[in-house]
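Trainee: Got a sequence here, can you model it:
(one chain, ligands or ions: 2)
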Amino acid sequence: EAIIRAQQVEKFYAQPSANRIQVIAPTDLSILPVEIVALLGPSGSGKSTLLRMLSGLSKPSGGQVFWHEKPIETVHINVSIVFQSFALFPWLTVLENVEAPLKAVGVEPEARKERSLKILDTVGLDGFQAAYPKELSGGMRQRVGFARALVIEPEVLFMDEPFSALDVLTAENLRSELLELWQKKTIPTQAIFIVTHNIEEAVLLADRIIVLGRNPGHVRTDFKVGIAHP
Ligand code: ADP
Ligand code: ADP
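Mentor: Residues are numbered from 1 along each chain as shown. Ligands and ions are numbered 1, 2, ... in the order given. Below is the predicted model:
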């Protein structure tokens, strides 16, 4: 059974010219338990828009997103999103950044700290808890981003171009570490949905790839590569 199912989901945006452009044509897709799905497509093809709709950040103009077959707006969903730009709080330490989502849901200070230190260790940031984001390299900052996303044990981990701001070597290292953690089931999440414009990244990481074409809402070819599910 699918964790997330998008049924004929579409999105229009208003343009300054008062026209509406269709960014996503009606699309069906599912995210299943225990899979990494990559959403691949050129810049502007609507990848972030689709991610926002699947993760509840934005409402489709038409169609419906279901979580466990219930309309997304009727259920509590537990998700995290990792962004290209890290989106850390610069005025908070590494530990405080990772604790922030736990604080937001009222976890007690002791438990917060314990869980945060554990996940920092998992992502290779043991000993960095007192540092501030500006003292860290890009790769280390994104490790903090991963720790902050994982600390709440999201059912689905969403990632929007998480490696695109990093140099090639750093990106490769982080990507293979992530895959290793996933394969060892160290990552407390049911599925990963990653947006990327990098074909190699999609092929190396994903169990399944969904491709958005260049012309959103027009000649959108939406095809799946590789082994879907036996
Ligand atoms: P991608 O992630 O593939 O680069 P996006 O989903 O970010 O694609 O954007 C697809 C198109 O929709 C782009 O033309 C973008 O400028 C436009 N767009 C995205 N979000 C908005 C918005 N909130 N308002 C208006 N236009 C938007
Ligand atoms: P909603 O459906 O709830 O109105 P949107 O899908 O419009 O939400 O998402 C708003 C998000 O899109 C914000 O994060 C905003 O920063 C981003 N955004 C706004 N305009 C654009 C644009 N032209 N291109 C890409 N992203 C945009």
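
Trainee: and stretch 116-134, how far from the chain's centre?
Mentor: In terms of C-alpha atoms, centre = their mean, to the nearest Å, the gap separating the centre of stretch 116-134 from the centre of its chain is 20 Å.

Trainee: wait, stretch 201-211
Mentor: 14 Å.

Trainee: who's in contact with residue 132?
Mentor: The contact partners of residue 132, taken as C-beta atoms under 8 Å, 6 or more residues apart in numbering, are 90, 91, 92, 93, 94. C-beta: built from backbone N, CA, C; applies to glycine.

Trainee: got any ranges where this protein has weak pLDDT?
Mentor: For the chain, residues meeting the criterion pLDDT under 70 lie at 214-230.

Trainee: Can you show me the helices along it?
Mentor: With DSSP state H, the ranges of helices along the chain come out as 47-54, 94-104, 109-122, 138-150, 168-183, 199-205.

Trainee: Looking at those, which is nearest to ligand 2?
Mentor: Between ligand 2 and those, the shortest gap by C-beta to the nearest ligand atom is with helix 47-54, which sits at 5.4 Å.

Trainee: Are there helices or strands packed against that closest one, and which ones?
Mentor: With contacts defined as 3 or more C-beta pairs under 8 Å, 6 or more residues apart in numbering; DSSP states H and E, the packing partners of helix 47-54 are strand 4-14, strand 20-31, strand 35-40, strand 156-160, strand 191-196.

Trainee: who touches the closest residue to ligand 2 within the chain in this structure?
Mentor: Ligand 2 sits closest to residue 58 of the chain, with a gap of 3.2 Å, by C-beta to the nearest ligand atom. Counting by C-beta under 8 Å, 6+ apart, residue 58 makes contact with 11, 49, 52.

Trainee: on that earlier part again, would you tell me which of the helices of the chain gets closest to residue 75?
Mentor: Shortest distance between residue 75 and the helices of the chain, using C-beta to C-beta, is found for helix 47-54: 13.4 Å.

Trainee: Figure out how far the closest one is from the centre of its chain.
Mentor: 10 Å.

Trainee: Tell me what angle it forms with strand 191-196.
Mentor: If you take axes from the mean of the first three to the mean of the last three C-alpha atoms, to 10 degrees, helix 47-54 sits at 150 degrees to strand 191-196.

Trainee: Report the angle between helix 47-54 and strand 4-14.
Mentor: Comparing the axes of helix 47-54 and strand 4-14 via the same axes, to 10 degrees yields an angle of 120 degrees.

Trainee: which residues are contacting helix 47-54?
Mentor: Here helix 47-54 has contacts from 4, 6, 9, 11, 23-24, 27, 31, 39-41, 57-60, 65, 81, 158, 160, 193, 195-197, 212, using C-beta under 8 Å, 6+ apart.
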